[in-house]
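Undergrad: compute the structure for the input listed below.
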Amino acid sequence: MRGLMMDRPLLIQTLIEHAGRYHADTEIVSRTVEGPIHRYTYAKAERRSKRLAKALRRLGVEEGDRVATLAWNGFRHYELYFGVSGIGAICHTINPRLFQEQLAYIVNHAEDKVLCFDLTFLPLVQKLAPLWKPVRHYVLMTDRAHMPAGGPPNLLCYEELVAAETPEMEWPEFDENMASSLCYTSGTTGNPKGALYSHRSTVLHSFACCMANNTSFAMSDTVLPVVPMFHANAWGVPYSATMAGSKLVFPGPNLDGPSLYQLLESEHVTMTLGVPTVWLGLLKYLDESGKRLDFVDRVLIGGSAAPPAMIRDFEEKYGCRAIQGWGMTELSPVGTLGTLKRKFLNLPKEAQLARKAMQGRPLYGVEMKLVDAEGQVQPHDGTSRGELLVRGPWIVNGYFADEAAGRDAFDAEGWFRTGDVATIDPDGYLQLVDRRKDVIKSGGEWISSIDIENAAVAHPDVAEAAVIGVPHPKWAERPLLVIVPRQGSAPTREAILDFLKDKLAKWALPDDVVLVPEIPHTATGKILKTKLREMFREHRLPTA
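TA: Numbers count the residues shown, from 1 in each chain. You can find the predicted model right below:
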């Protein structure tokens with residue numbers, strides 16, 4: 001017997017429709033590529049999204065067509081999120097930091113019909129346009145005053161397209177399982193792979209993020225997503241914040257410490273989200289300038305493991321709750337969040353910090369299991385290690401137009417293989433040990449590069465740290481610690497090793513320490529260990 005409930009589809013356009021009606025005067029603030037701060041409301045954003053949707057239809061965009069974006073976090077990019085998906089087309093956000101060969105592959109593989117881009121990326125688009133065969137229209141996301149004399153073929157002005165339409169339109173309804181958006185992984189090996197999200201998966205992910213146990217978006221919040229809208233839909237923030245009716249502040253292209261601080265303070269931001277490399281820059285600016293964070297209540301940290309020292313700085317120096325999370329493009333992307341259960345709130349500060357430095361517990365809807373090398377399920381006892389597998393309603397079940405890539409990504413029961421080695425304790429808290437490919441296999445022991453990195457970053461003279469395994473004649477491989485010193489500091493190898501000796505097991509101590517001016521990162525801010533291995537492939541350990 002079926003329940004007697006209305007069958008209303010979960011569609012992305014209903015988020016902006018709701019916000020436009022019930023949070024009509026709540027602001028959306030953007031620092032624009034052109035320079036000025038732009039302000040408008042949810043009501044105006046919905047009307048412009050409808051005008052954009054009609055303009056795209058006039059350009060021949062139909063259900064299932066891909067509309068690509070190369071853009072920073074701003075109001076026009078926000079309108080594309082809803083105007084594209086709202087008519088049944090697919091919003092394909094592209095990471096401009098990828099290698100040009102990857103950018104050429106992604107646009108052609110996705111068969112994008114329209115490509116919308118910010119002024120910043122005009123030179124890149126001009127260079128790659130001859131390689132992008134499927135693209136019929138290029139739309140520069142600016143006004144007529146900033147349109148260039150030249151450009152790629154079929155170049156259109158975003159503001160003129162929008163202005164030519166009226167906002168009188170009813171959002172269409174269709175199956176909630178229709179594809180809504182597309183985001184390619186920035187893998188370090190092979191071609192990028194496309195995660196194809198649905199309307200249903202996106203709305204369910206938004207519900208989960210709005211829950212009080214999780215990121216708890218609220219209409220009383222002012223939210224600044226530093227995480228780019230071209231990376232895993234800015235962790236779903238444009239959807240979740242819209243669902244909640246939060247004030248949104250978009251930082252545009254300027255993600256340096258002073259620029260972020262100015263927005264955080266002037267707009268009274270209560271919640272902000274980004275990767276550790278961004279927060280390192282902000283913390284450095286705060287430390288050097290002596291400034292405070294007067295309004296920020298919580299800082300969400302994801303993309304790579306947050307060092308405990310970073311969490312401590314935010315909480316003890318600046319009075320912000322630092323919440324670490326874990327996720328992947330394939331998870332829409334949020335899988336876990338490091339909020340504390342009630343029973344942990346009365347623990348001593350150091351014990352709480354250790355708990356917060358874990359990757360957190362799964363959101364409702366995300367199931368997790370650990371398997372060993374033979375595929376045997378491991379207990380959630382906090383010590384047993386295994387590869388992390390996940391499943392849930394906002395987790396991919398394949399890759400877009402790439403059957404081969406999906407073949408090895410799932411186990412026989414349909415669980416997604418994350419490639420992360422982890423432990424899970426009885427309370428459900430996830431602790432990443434390492435990426436499966438980054439675990440250092442030394443003799444009969446597995447050494448976590450993450451554990452060493454976190455310990456090293458706690459040193460007052462260390463700004464960033466990375467650990468790789470290098471060959472060793474006796475132990476197969478041993479850890480090499482690569483560090484970026486803080487400005488004005490020059491720590492010695494001996495000082496670092498002495499600092500670490502009571503923080504790590506003796507067999508896990510690095511065999512050598514190397515100082516470098518910078519550590520290479522992927523397009524999404526993660527440490528690029530393939531590059532580090534290439535840089536140090538001839539490195540000879542003093543213990544070898």
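
Undergrad: ramachandran coordinates for Asp287?
TA: Reported as degrees, to the nearest 10, the phi and psi values for Asp287 are phi -60, psi -40.

Undergrad: gap between it and Gly64?
TA: 50 Å (CB to CB, to the nearest Å). Using the backbone N, CA and C atoms, a C-beta is placed for each residue, glycine as well.

Undergrad: neighbour-wise, which of the two wins?
TA: Asp287 (13 against 10; other CB atoms under 10 Å).

Undergrad: show me where the stretch 151-300 of the chain has its strands.
TA: Along the stretch 151-300 of the chain, the segments classed as strands by DSSP state E, counting those that start in this stretch run 155-157, 179-184, 194-198, 222-225, 247-250, 271-274, 298-301.

Undergrad: so who does Asp434 touch?
TA: By CB atoms under 8 Å, 6 or more residues apart in numbering, the residues touching Asp434 are Asp420, Val421, Ile440, Ser448, Ser449, Ile450.

Undergrad: give me the subset of the residues you listed lying in strands.
TA: Asp420, Val421, Ile440 (DSSP state E).

Undergrad: ranking the residues you listed by neighbours, who comes first?
TA: Within the ones in strands among the contacts of Asp434, most neighbours by other CB under 10 Å means Ile440, with 24 neighbours.

Undergrad: just the pLDDT at it, thanks.
TA: Looking at Ile440, its pLDDT stands at 85.

Undergrad: what of Thr272?
TA: Looking at Thr272, its pLDDT is 98.

Undergrad: cool, Ile37 as well?
TA: 98.

Undergrad: same question, Gly444
TA: Taking Gly444 on its own, its pLDDT is 63.

Undergrad: sorry, back to before: adding mean neighbour count, write the strands of the stretch 151-300 of the chain out as JSON lines.
TA: Output for those, formatted as JSON lines (neighbours: other CB atoms under 10 Å):
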{"stretch": "strand 155-157", "mean neighbour count": "17"}
{"stretch": "strand 179-184", "mean neighbour count": "25"}
{"stretch": "strand 194-198", "mean neighbour count": "23"}
{"stretch": "strand 222-225", "mean neighbour count": "24"}
{"stretch": "strand 247-250", "mean neighbour count": "25"}
{"stretch": "strand 271-274", "mean neighbour count": "25"}
{"stretch": "strand 298-301", "mean neighbour count": "24"}
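
Undergrad: could you dump those into TSV with distance to Ile496 added?
TA: Shown next, in TSV, are the strands of the stretch 151-300 of the chain (distance: least, CB to CB, whole Å):
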stretch	distance to Ile496
strand 155-157	53
strand 179-184	38
strand 194-198	39
strand 222-225	35
strand 247-250	39
strand 271-274	27
strand 298-301	24
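
Undergrad: what's the closest of the ones you listed to Arg47?
TA: Arg47 lies closest to strand 247-250 among the strands of the stretch 151-300 of the chain, at 16.4 Å (CB to CB).

Undergrad: adjacent strands (with direction) for that closest one?
TA: strand 27-31 (parallel), strand 222-225 (parallel) (DSSP bridges).

Undergrad: in a markdown table: those strands, plus distance to Glu173 and mean pLDDT.
TA: As requested, those are exported to a markdown table (distance: least, CB to CB, whole Å; pLDDT from 0 to 100):
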| stretch | distance to Glu173 | mean pLDDT |
| --- | --- | --- |
| strand 27-31 | 25 | 98 |
| strand 222-225 | 28 | 98 |
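
Undergrad: just to revisit the earlier point, going by distance to Leu161, which of the ones in strands among the contacts of Asp434 wins?
TA: Closest approach to Leu161 among the ones in strands among the contacts of Asp434 (CB to CB): Asp420, at 42.6 Å.

Undergrad: show the contacting residues for that closest one.
TA: Contacts for Asp420 were tallied using CB under 8 Å, 6+ apart; they are Glu387, Leu388, Leu432, Val433, Asp434, Arg435, Arg436.

Undergrad: and the furthest pair within the contacts of Asp434?
TA: So, the contacts of Asp434 by CB to CB: farthest apart are Asp420 and Ile440, at 15.2 Å.

Undergrad: quick one, strands of the stretch 1-150 of the chain?
TA: 27-31, 37-41, 66-70, 90-93, 112-117, 137-140.

Undergrad: picking that back up, closest to His459 out of the strands paired with strand 247-250?
TA: Per CB to CB, nearest to His459 of the strands paired with strand 247-250: strand 222-225, 29.8 Å.

Undergrad: chain center to that closest one: distance?
TA: 14 Å (CA atoms, centre = their mean, to the nearest Å).

Undergrad: now swap in stretch 391-410 and tell me
TA: 19 Å.

Undergrad: ends of it, how far apart?
TA: Start and end residues of stretch 391-410 are separated by 10 Å (CA to CA, to the nearest Å).
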